[in-house]
Structure formats: structure tokens, C-alpha cells
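[1] Everything below, folded, please.
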Amino acid sequence: MLFPISSERDLTNDNEEMGKMFCGVVRKVESLIVRLLDMARAASPEVHKLVVTGGLGDSPYLRSSLRRTLREYNEEHSSNIDFIVAPPQQSATSTAIGTLLRAMNKEHGPERALRMSVGVVRDIPYQKAAYTPEVNDQKLSRGGNGRMYISDIIQWLLRRVSPAQDIHG
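    Residues are numbered from 1 along each chain as shown. Okay, the predicted model is just below:
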């Protein structure tokens, strides 16, 4: 789909064009939400809230569609499930924070292990005595302050473990 370009060289489009672009994805999300609500209600008759976060969760189009889907679902199942969304432009942050909080407090959450690890790539100051040989043998670079750094080290925030490993140990 082509977008008209204004004199300021910005891309422009209207709600109808955006709706056409994302319609298929939104319909799949709606279908997934209905299946998840059915599964949640089968496991526990009391489902009170549908919470939407994540990058696409900031989309006004998706939020509007999910509100409609949830309204129809509530009518069809005589339920009263609330629709909760993160504040605008904070969905991705809310997802990351929720993931970290859940990982740190498994007592009130699901009993499953992580399916993926979460880490950040960073450079750390080179201190030979502070690290193992495998860390010290990584690529070194000189920082803007003249100090040496070990480059491209992953600092794990959450680390996936295999079922054979002790999750709590």
C-alpha cells in the first residue's frame, strides 16, 4: 500500500488505511483472546479482567476492536470481564516490568519455567581479577575515558533453565 507524502516529507494515512493494513492481524488477536478467555473460564469460573500490554497493545485500533470483542463475549457468556490496558505508549514497558516481577515472585504465578532468557548486551570495565578467564578472554576495546572494556557481554536479567536444573538453586 502506498502512502501519500506531504510537503514536509512525512508519511500520512487515515484510519481507514491503517485498519486495512492491520485488519488480519487484529482478527487473529481477537480470535486468540476469545480462545484464551474460554480456556481461563474452563479452569476457573471467575475471570474478572482482560489485561492487554505489549507493543501492539498501544494500538488504538486494536484496543477498540478488543473492547468490542469483549463486550460481545460478555453478552454471550453473561460475564462481566473488565478490559484493562497500559497507559498510552507504556505497553512494552509494562510487559517487561510484569515479566520481571512475575519471575521474581513465582509463589503467586504460574509454575512453569521461562521459555527464553532476557539479557542486555553491554561493555564492562576490564578487571582481570574480577572475572573468569572465559570472560577476560573476550574482545577488549578502549572507552572514551581511556579505560579498557570487555565488549559485548550479555548481562542476564532472567536466565532460562533446563528442566534438569534446579530453578530455585
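
[2] Distance check, residue 81 against residue 57.
    17 Å (Cβ to Cβ, to the nearest Å). Heads up, the C-betas are built off the backbone N, CA and C, glycines and all.

[3] I should have written residue 23 there, sorry.
    Relative to residue 57, and taking Cβ to Cβ, residue 23 is found at 17 Å.

[4] Following the helix or strand bottoming out on mean pLDDT in the chain in sequence, what is the next regular element?
    Every helix and strand of the chain was ranked by mean pLDDT, DSSP states H and E. The lowest is helix 91-104, at a mean of 70. Sequence order places strand 118-125 as the next helix or strand after helix 91-104, per DSSP states H and E.

[5] I'd like to know which elements that following strand is packed against.
    strand 148-158 (3 or more Cβ pairs under 8 Å, 6 or more residues apart in numbering; DSSP states H and E).

[6] Show me which positions of the strand it packs on end up buried.
    149, 150, 153 (16 or more other Cβ atoms under 10 Å).

[7] hmm, back to that, more crowded one of residue 23 and residue 57?
    residue 57 (19 against 12; other Cβ atoms under 10 Å).

[8] residues touching residue 136, list them.
    126, 128, 150 (Cβ atoms under 8 Å, 6 or more residues apart in numbering).

[9] Domain parsing of this structure, as residue ranges.
    Annotated domains of the chain cover 1-110, 113-169 [automatic domain parsing].

[10] for the longest helix seen in the chain, which positions count as buried?
    The single longest helix within the chain, with elements called by DSSP state H, is helix 15-43. For helix 15-43, the buried set under the neighbour-count rule, 16+ other Cβ under 10 Å, comprises 22, 26, 29, 30, 33, 37.

[11] Tell me which residues touch residue 34, please.
    69, 73.

[12] What separation do you get for it and residue 50?
    10 Å.

[13] Also residue 158?
    25 Å.

[14] Also residue 31?
    Residue 31 is 14 Å from residue 50, by Cβ to Cβ.

[15] before we move on, what about residue 71?
    For residue 71 relative to residue 50 (Cβ to Cβ), the value is 11 Å.

[16] which of the two has more neighbours?
    The neighbour count for residue 71 versus residue 50, taken as other Cβ under 10 Å, is higher for residue 50 (20 against 12).
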